[in-house]
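In: Provide a 3D model corresponding to the input given below.
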Amino acid sequence: MKIGHSEARSSIATADATSIHIRGRDLSKNLIGQISFTEFYFLSLTGELPTEIQRDFLDATLVAIAEHGLTPSVQASRMTYAAAPEALQGAVAAGILGCGSTVLGTAEAAGQVLKEGVERWHKEGGEHGPVALSQAKSVKASGRRFPGFGHPLHKPVDPRCESLLSMAEERGVAGDYCQYTRALQLAVDKVWGKHLVMNVSFAIPAVLLDVGFPVQSLKGIPILARTAGLLAHLYEEANKPIGFHMAHAGEQSIQYKK
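Out: Numbers count the residues shown, from 1 in each chain. Now for the predicted structure:
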């Protein structure tokens with residue numbers, strides 16, 4: 001049974017006996033040695049080479065979220081590798097599968113919040129503060145967490161957020177999304193009655209949306225970045241293994257109860 005009515009085609013890549021083409025560009029002649037991996041990713045994703053600003057901010061966001069220590073996804077990856085050192089890809093997959101809404105996965109949701117808020121601000125006109133306050137109240141009333149706010153470690157600010165937002169301001173690209181982000185921080189604090197730390201998963205969509213990155217692809221940023229981080233951990237695991245130490249520590253920390 002056929003489901004859907006879309007045209008059966010892809011515009012990303014093709015290959016024949018003598019060449020490989022990515023978005024209409026010859027990989028061997030026009031891309032290898034001439035563009036960075038970040039530029040390649042943007043090209044593959046959008047069909048266009050990034051501007052210098054787009055490249056720099058994509059680079060910055062990937063670096064910002066690539067590493068955060070022995071997180072649950074890193075532990076899952078390292079313990080998987082300890083048990084199956086012949087399956088590097090399986091260990092990477094184990095870590096990536098642990099990147100969900102609680103850990104790492106709120107960039108896309110935060111991006112949708114920003115997009116909805118900015119569109120409403122433009123539609124209603126006036127200041128962005130009242131729109132941000134209304135949006136914060138709506139999330140609070142629903143009983144949901146505000147995506148991209150709160151962090152168990154970083155207080156009173158997530159230093160990665162400040163770096164990204166300050167970079168956007170210094171480079172002159174802090175547009176509507178970054179401005180609305182600042183307004184949301186004030187609104188969220190007011191509605192929740194306490195300071196909720198904006199985490200990097202909110203700053204990433206703010207700066208990327210302001211430089212024209214597609215909102216539907218925001219979730220891929222932490223996945224791509226953390227893949228690099230996991231590979232580094234697995235290289236270390238191969239040479240200085242701690243996977244079984246972590247497994248043992250986990251077992252010892254949990255009390256068995258009938």
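
In: where along this structure do the strands fall?
Out: 13-15, 20-22, 25-26 (DSSP state E).

In: Packing partners of the longest helix seen in the chain?
Out: Scanning the chain for the longest helix, with DSSP state H as the assignment, gives helix 220-239. Counting contacts by 3 or more CB pairs under 8 Å, 6 or more residues apart in numbering; DSSP states H and E, helix 220-239 packs against helix 52-65, helix 72-83, helix 88-97, helix 200-210. All C-beta atoms are positioned from the backbone trio N, CA, C, and that covers glycine.

In: Distance to Ala174 and mean neighbour count for those helices - can I get that in TSV?
Out: Output for the helices and strands packed on helix 220-239, formatted as TSV (distance: least, CB to CB, whole Å; neighbours: other CB atoms under 10 Å):
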stretch	distance to Ala174	mean neighbour count
helix 52-65	11	19
helix 72-83	31	21
helix 88-97	31	18
helix 200-210	7	27
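
In: Distance to Ser217 added to the ones you listed, as TSV?
Out: Output for the helices and strands packed on helix 220-239, formatted as TSV (distance: least, CB to CB, whole Å):
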stretch	distance to Ser217
helix 52-65	10
helix 72-83	20
helix 88-97	16
helix 200-210	9
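
In: As a markdown table, those helices with mean pLDDT and distance to Ala136 would be great.
Out: Below are these laid out as a markdown table (pLDDT from 0 to 100; distance: least, CB to CB, whole Å):
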| stretch | mean pLDDT | distance to Ala136 |
| --- | --- | --- |
| helix 52-65 | 98 | 24 |
| helix 72-83 | 95 | 28 |
| helix 88-97 | 96 | 31 |
| helix 200-210 | 96 | 13 |
